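J.: I need the structure of the sequence given here:
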Amino acid sequence: MAHVTREQLDRLLDQALLLDDHDALACRLDALARGYESGEMSRAAILVLAAEEWRQAGRPATALDRFRDALEDGGEVSVDPRAGIADTLFELGRADEARQVIAEVRARGWNPATALTVAETLAAYGDLDGALEWATEGVLACPAGITIRDALLRTRYRIRIDLGLPEDDLDALLC
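T.: Numbers count the residues shown, from 1 in each chain. Sure, this is the predicted structure:
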């Protein structure tokens, strides 16, 4: 397809999710990204979607390649592809590399959605202190009234509970 609308992509995602066929959807997204010229979202964003589907299909090595392709593409994405790279590296048992990628994200800048992804990744792989730091920084960087801020606050609260920490002023914002 030369030009893709968000609606066309949503229909494609809905069809594949109804069939629960992540392999087929990943392949279709890969093909779409290869022939992509323009649309309502960037080629990089389509590559990130393909990467996520490859992970769901149980093919993390292919997912890692697609996240890297998205990073190289440089198009606009809601979450930095390096967050997906780090998560996939953890999944592949390459924790040291994952931590290096997360350090690169921190050094090169991030947005609240990326902070949420990194916090969730670190929490999933047992680094609750690191996860709390990312969630807290994400909340502080996010203006009130933004949906992602609520997600960051909830994630941060769950992490603090897991760490056995008492409620603080940011936790009180959840009420």
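J.: What sits closest to Leu32 if chain neighbours are left out?
T.: Nearest non-adjacent residue to Leu32, counting by CB to CB, 6 or more residues apart in numbering: Ile46, 5.7 Å away. For every residue, glycine as well, the C-beta is placed using N, CA and C.
J.: How about Arg66?
T.: Per CB to CB, 6+ apart, closest to Arg66 is Ala51, 3.6 Å.
J.: Give me the contact list for whichever strand or helix holds the residue nearest to Leu32.
T.: Take DSSP states H and E as the rule and Ile46 turns out to sit in helix 43-56. Helix 43-56 has contacts (CB atoms under 8 Å, 6 or more residues apart in numbering) with 4, 9, 13, 16, 22, 25-26, 29-30, 32-33, 36, 60, 62-67, 69-71, 73-79, 81, 84, 88, 91.
J.: next helix or strand past that helix?
T.: Criterion used, DSSP H and E; the element after helix 43-56 is helix 60-73.
J.: Just confirm Leu32 contacts Ala16, I think it does.
T.: No - with contact defined as CB atoms under 8 Å, Leu32 does not reach Ala16; the gap is 11.9 Å.
J.: Could I get the buried residue list for the helix holding Ile46?
T.: 43-56 (16 or more other CB atoms under 10 Å).
J.: starting at the chain centroid, how far to that helix?
T.: Mean-position distance between helix 43-56 and its chain equals 10 Å (CA atoms, centre = their mean, to the nearest Å).
J.: ok, back up a step: just the buried residues from the contacts of helix 43-56, in ChimeraX please.
T.: In ChimeraX syntax, the buried subset of those is picked out as below (16+ other CB under 10 Å):
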select :4,9,16,22,25,26,29,30,32,33,36,60,62,63,64,65,66,67,69,70,71,73,75,77,79,81,84,88,91
